[in-house]
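Trainee: coords please:
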Amino acid sequence: MSRVGKNPVLVPDGVDVSIASGLLIAKGKLGEQTVPLTDAVKVSLDDGKVTVTPVDESKRARSLWGTTRSLVYNALCGVTDGFTKKLEINGVGYRAQVKGKVLNLQLGYSHDIDFPIPEGVNIVLEGDRDGVITVSGASKQQVGQVASKIRSFRTPEPYKGKGIRYSDEYILRKEGKKK
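Mentor: Okay, here's the model as predicted:
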């Protein structure tokens, strides 16, 4: 029995949920999210709750039970509150700028990196410093993917801590060479 899958998902106020032809469609104030449904699980909408149940006791159905419930929950949270990831830039001369729909990064290379901002994702530089990047959007997968891609341009190194890291990430620092 899935501990995640057995819990129903409450539909928040202001969200319209419809289930049709293998898709769950959630519409809210931040946009629209779709969740593809498989034939291994049955998804039903009853008086403000979305319940997910396995069709049979096969391994595939039990595996997809909790996964489908989590995808539905993330879609409903995404259209109401959205998801955010914060990235911090550490390093002398490292900076970022948003120019229209392009994020311009200066990360110590001989060239600037221009990262086109995809649809459905909003990138904001916080405060007066240009060292904190906030990536936000309605899709948890897309926000995480964009944040990971930005981080991959200059991953944090363990000696001086230079690079792009998540704000809640801890970098294990190493001691340098000894004389």
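
Trainee: point out where the chain drops to low pLDDT.
Mentor: Across the chain, the ranges flagged by pLDDT under 70 are 127-130.

Trainee: strands of that one, start to end?
Mentor: 9-10, 16-20, 23-28, 31-36, 41-46, 49-54, 83-90, 95-99, 102-106, 113-116, 121-125, 132-137, 163-166 (DSSP state E).

Trainee: show me the one of these that comes nearest residue 177.
Mentor: Proximity to residue 177 (C-beta to C-beta) singles out strand 163-166 among those, at 20.0 Å. The way it works is simple: take the backbone N, C-alpha and C, and place the C-beta from them, glycine included.

Trainee: follow-up on the earlier one: reformat the strands of the chain as TSV; add distance to residue 77 and mean neighbour count.
Mentor: TSV is the format used below for those (distance: least, C-beta to C-beta, whole Å; neighbours: other C-beta atoms under 10 Å):
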stretch	distance to residue 77	mean neighbour count
strand 9-10	9	16
strand 16-20	13	13
strand 23-28	9	19
strand 31-36	9	15
strand 41-46	17	15
strand 49-54	12	19
strand 83-90	8	18
strand 95-99	26	15
strand 102-106	25	17
strand 113-116	26	12
strand 121-125	16	16
strand 132-137	12	20
strand 163-166	20	20
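
Trainee: of the ones you listed, which is nearest residue 73?
Mentor: strand 9-10 (5.0 Å).

Trainee: quick one: closest of the strands of the chain to residue 155.
Mentor: Nearest to residue 155, of the strands of the chain and by C-beta to C-beta, is strand 163-166 at 5.4 Å.

Trainee: contacts only, for residue 105.
Mentor: Counting by C-beta atoms under 8 Å, 6 or more residues apart in numbering, residue 105 touches 95-96, 112-115, 150, 153-154.

Trainee: with distance to residue 74 as new columns, can the strands of the chain be given to me in JSON lines?
Mentor: Formatted as JSON lines, these follow (distance: least, C-beta to C-beta, whole Å):
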{"stretch": "strand 9-10", "distance to residue 74": "10"}
{"stretch": "strand 16-20", "distance to residue 74": "13"}
{"stretch": "strand 23-28", "distance to residue 74": "10"}
{"stretch": "strand 31-36", "distance to residue 74": "8"}
{"stretch": "strand 41-46", "distance to residue 74": "14"}
{"stretch": "strand 49-54", "distance to residue 74": "12"}
{"stretch": "strand 83-90", "distance to residue 74": "8"}
{"stretch": "strand 95-99", "distance to residue 74": "26"}
{"stretch": "strand 102-106", "distance to residue 74": "24"}
{"stretch": "strand 113-116", "distance to residue 74": "24"}
{"stretch": "strand 121-125", "distance to residue 74": "15"}
{"stretch": "strand 132-137", "distance to residue 74": "12"}
{"stretch": "strand 163-166", "distance to residue 74": "19"}
